[in-house]
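J.: pasted the sequence and its predicted model underneath.
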Amino acid sequence: MPIKTENPWSLLNASFTMAADDRFQKIMVSAPVLFATAPDVETILTFFRIRRANATYSIVSIVKTYQKGKVISRKDLTKDNIPESRIEMESNALHSMFTQSIEEGSGVKLQWNVLDLSGDTEMGKQVEKIQQWGHVAAFVDDGKVSPN
């Protein structure tokens, strides 16, 4: 069932599919970053931390740049098979690397919107919370969740 939001940040189109037993742990979305040198361009960073069915974790990082509402650049990075003992360190390192790069390039301190889903283990409840949050969209298709 498709889930739609009216929030303009839902334009992230961070498309990947999670297996039926995978669960989100945390989603972080930056506020749009505007660059003085290109006033009609904005960049948005998104991080998905996912607990996989095999008890490892993945981090999906997506950096999208828009010009006049159209995607002109997209960079995806996925790091898989992270053991639980290293997920916090890996998450913090990736988040810091992307944040520092954008802040240095723009001169703007990033503002973050964070949705912690670590306490929700039921997929339907996670999708419902993502919908209510409104910073990314997600849909369920054949028991799989796909952020969109």
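T.: Yes, it's here. Residues are numbered from 1 along each chain as shown.

J.: which residue is the nearest non-sequential neighbour of R23?
T.: R51 (5.0 Å; C-beta to C-beta, 6 or more residues apart in numbering). Glycine gets a C-beta too; all of them are placed from N, C-alpha and C.

J.: contact partners for the one you found?
T.: The neighbourhood of R51, defined by C-beta atoms under 8 Å, 6 or more residues apart in numbering, consists of D22, R23, F24, Q25, Y57.

J.: D116 and M28 touch, don't they?
T.: No - the pair D116 / M28 is not scored as a contact, 9.6 Å apart, by C-beta atoms under 8 Å.

J.: which of those two has more neighbours?
T.: Neighbours per residue (other C-beta atoms under 10 Å) separate D116 from M28, with M28 holding more: 21 against 13.

J.: wait, doesn't the more buried one sit right on W112?
T.: Yes - M28 lies in contact with W112 (C-beta under 8 Å); the separation is 5.5 Å.

J.: quick one, what contacts T65?
T.: The contact partners of T65, taken as C-beta under 8 Å, 6+ apart, are V41, E42, T43, V71, I72, S73, R74.

J.: the same query, at a cut-off of 10 Å, please.
T.: V33, F35, A38, V41, E42, T43, I44, V71, I72, S73, R74, K75 (C-beta atoms under 10 Å, 6 or more residues apart in numbering).
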